[in-house]
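Novice: coords below, sequence missing:
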């Protein structure tokens, strides 16, 4: 799409978010606070995303500062995707050993 529409001045980009706090997630974490710790432990930044994190990325991509960016997928996931899947699995297994009271999400 970026190639097709670039010639008429339209930029096409994507946002690839990580877990973003929602009302539903907050309700689940209130019922089981260990789940929030699990999510936070998986991220290098040690927190889950907020809607403002995604809004700020969108704002940037729509701004003049991003005027020469098109065809890009901007990962806004707090570093989750830069980790090896094996490392994440090890972190999760360790978390459940340390917090046996935590129910598996699902």
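Specialist: Happy to help now that I have it. For clarity, every value in this text was computed on a predicted model and none was experimentally measured.

Novice: switch to C-alpha atoms for all contacts and neighbour counts from now on
Specialist: Noted.

Novice: contacts only, for residue 12.
Specialist: Contacts for residue 12 (CA atoms under 8 Å, 6 or more residues apart in numbering) come out as 1-2, 5-6, 70-72.

Novice: can you tell me how far it is from residue 56?
Specialist: Using CA to CA, to the nearest Å, we find residue 12 at a distance of 17 Å from residue 56.

Novice: what does residue 86 give?
Specialist: For residue 86 relative to residue 56 (CA to CA), the value is 31 Å.

Novice: any idea which of the contacts of residue 12 is closest to residue 23?
Specialist: residue 72 (29.4 Å; CA to CA).

Novice: which one is the closest one nearest to, not counting chain neighbours?
Specialist: residue 13 (4.9 Å; CA to CA, 6 or more residues apart in numbering).

Novice: got phi/psi on that neighbour?
Specialist: phi -140, psi 170 (degrees, to the nearest 10).

Novice: contact partners for it?
Specialist: So residue 13 contacts 2, 61, 69-74 (CA under 8 Å, 6+ apart).

Novice: go with 6 Å
Specialist: By CA atoms under 6 Å, 6 or more residues apart in numbering, the residues touching residue 13 are 70-73.

Novice: which helix runs longest in this protein?
Specialist: Ordering each helix of the chain by length in residues (DSSP state H) puts helix 85-98 first.

Novice: please state the offset of that helix from the chain centre?
Specialist: Computed by CA atoms, centre = their mean, to the nearest Å, the chain-centroid distance of helix 85-98 equals 18 Å.

Novice: what's the distance between the residue nearest the centre of the chain and residue 10?
Specialist: When CA atoms, centre = their mean is applied to the chain, the residue found nearest the centroid is residue 18 (1.4 Å). Residue 18 is 26 Å from residue 10, where distance means CA to CA.

Novice: now do residue 54
Specialist: Using CA to CA, one gets 21 Å for the distance from residue 54 to residue 10.

Novice: over to residue 93?
Specialist: Distance from residue 93 to residue 10, by CA to CA: 45 Å.

Novice: where exactly do the strands run in this structure?
Specialist: Using DSSP state E, the strands found in the chain span residues 13-17, 72-76.

Novice: residue 64 and residue 70, how far apart?
Specialist: Taking CA to CA, one finds residue 64 at 12 Å from residue 70.
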